[in-house]
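Student: Got a predicted structure plus its sequence, pasted below:
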Amino acid sequence: MPQLIHPELSYAVRGAMIDVYNALGPMLREEFYENAIAIALAKRGIRCQTQKEFIVCYEGAQVGQYYVDVWIEDGKILFELKVCPAIETIHQAQAISYLKVTNADLAIVANFGSASFEDQRLPNRLRDKRPEFNWQAASFASDWLYPKLTDALLCVCHRVHFVLGSGFLHQVYRRAMRIELARSGLAYEYIKQISIEYENELLGYQDARLILVENKILLATFALREMDESLAQLLKARMRRLGIKLGMLANFHGTRLVTMPVRIE
């Protein structure tokens, strides 16, 4: 049996969480549980900090921030709070991503949204591990536009997801994508806004946050729980505006990267 990490501290923290759950019940806003847990830990003499900020880096460059729900005893425990029907695989994957960012000893994912309190422990087994990213070239139909460029772009997207994992905001992945595109020798333009016109009349400007790769593929990068057809239609409208025939949606939310090609015939 593997040795438990900080067993006495973990036991005390879990007791505090159960006390909070029993006192407040399920399905409240996360901030109520977060603040109550901070009070419960303080009464037990356990040092903690809520919403502690950490810098997220990609290849040595800052790409965003991440805020730990509750940071306990200077990183002995990283506490992630959920209010949902059950702890899901994605929640565990996100906690592992946060262990990489913070180098905490242990992550605890606790759910206050179910009929009974539930929690999971995830020890930091990532230290001194340097897994290698391997890419197997994709195959395309004979009439596919820009197959080599598409494969190179897919490789870039998958490497970013491999390095960062899930659980960060859209802008973190967009910034990392631009770093990885440059590392891969792919030229790109970052399009922050796009003009909206009708009958040759300018209606205004809309935020876009798109990446135009080699002036051939328009990439939309985001982190959403679900990706639906409306995103493809929105990208098509922007492709028409820019005169681009091939686009790609890349969703970094889940445990696996999800991509969707978008074509204009």
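Tutor: Cool, the structure landed. Residues are numbered from 1 along each chain as shown.
Student: Please count neighbours and contacts with C-alpha atoms only from this point.
Tutor: Noted.
Student: Kindly state the domain boundaries assigned to this protein.
Tutor: Using automatic domain parsing, the domain parsing of the chain gives 7-123, 147-263.
Student: Format the ones you listed as a markdown table; extra columns: distance to residue 129 and mean neighbour count.
Tutor: A markdown table is the format used below for those (distance: least, C-alpha to C-alpha, whole Å; neighbours: other C-alpha atoms under 10 Å):
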| stretch | distance to residue 129 | mean neighbour count |
| --- | --- | --- |
| domain 7-123 | 11 | 17 |
| domain 147-263 | 12 | 17 |
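Student: Tabulate those (TSV), appending mean pLDDT and distance to residue 136.
Tutor: Output for these, formatted as TSV (pLDDT from 0 to 100; distance: least, C-alpha to C-alpha, whole Å):
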stretch	mean pLDDT	distance to residue 136
domain 7-123	96	22
domain 147-263	96	8
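Student: Using CSV, write out the CA atom coordinates for the helix or strand hosting residue 37.
Tutor: According to DSSP states H and E, residue 37 maps onto helix 30-43. Extracted in CSV, the C-alpha atoms of helix 30-43 (Å, rounded to 0.1, in the frame of the first residue of the first chain):
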residue,chain,number,x,y,z
GLU,A,30,-18.6,27.9,-4.0
GLU,A,31,-17.5,31.1,-2.3
PHE,A,32,-19.6,30.2,0.8
TYR,A,33,-17.9,26.9,1.2
GLU,A,34,-14.5,28.4,0.5
ASN,A,35,-14.8,31.0,3.2
ALA,A,36,-16.3,28.5,5.7
ILE,A,37,-13.4,26.1,5.1
ALA,A,38,-10.9,28.9,5.8
ILE,A,39,-12.7,29.6,9.1
ALA,A,40,-12.8,25.9,10.0
LEU,A,41,-9.1,25.4,9.2
ALA,A,42,-8.1,28.5,11.2
LYS,A,43,-10.0,27.2,14.2
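Student: Make residue 1 into 96 and carry on from there
Tutor: Yep, numbering from 96; the last one is helix 125-138 now.
Student: what's that helix in contact with?
Tutor: With C-alpha atoms under 8 Å, 6 or more residues apart in numbering as the test, helix 125-138 has contacts from 108, 111-112, 115-116, 119, 142-145, 164-165, 176-178, 207.
Student: Check stretch 214-224 too.
Tutor: Residues contacting stretch 214-224 (C-alpha under 8 Å, 6+ apart): 100, 182, 187, 190-191, 194-195, 198-206.
Student: wait, which of the residues you listed is closest to residue 296?
Tutor: Within those, the smallest distance to residue 296 is 48.3 Å, found for residue 190 (C-alpha to C-alpha).
Student: Phi, psi for residue 151 please.
Tutor: Torsion angles at residue 151 (phi, psi; degrees, to the nearest 10) stand at phi -100, psi 130.
Student: Show me the strands in this structure, by range?
Tutor: 143-153, 156-167, 172-177, 201-206, 213-218, 283-293, 296-308, 312-317, 341-346, 353-358 (DSSP state E).
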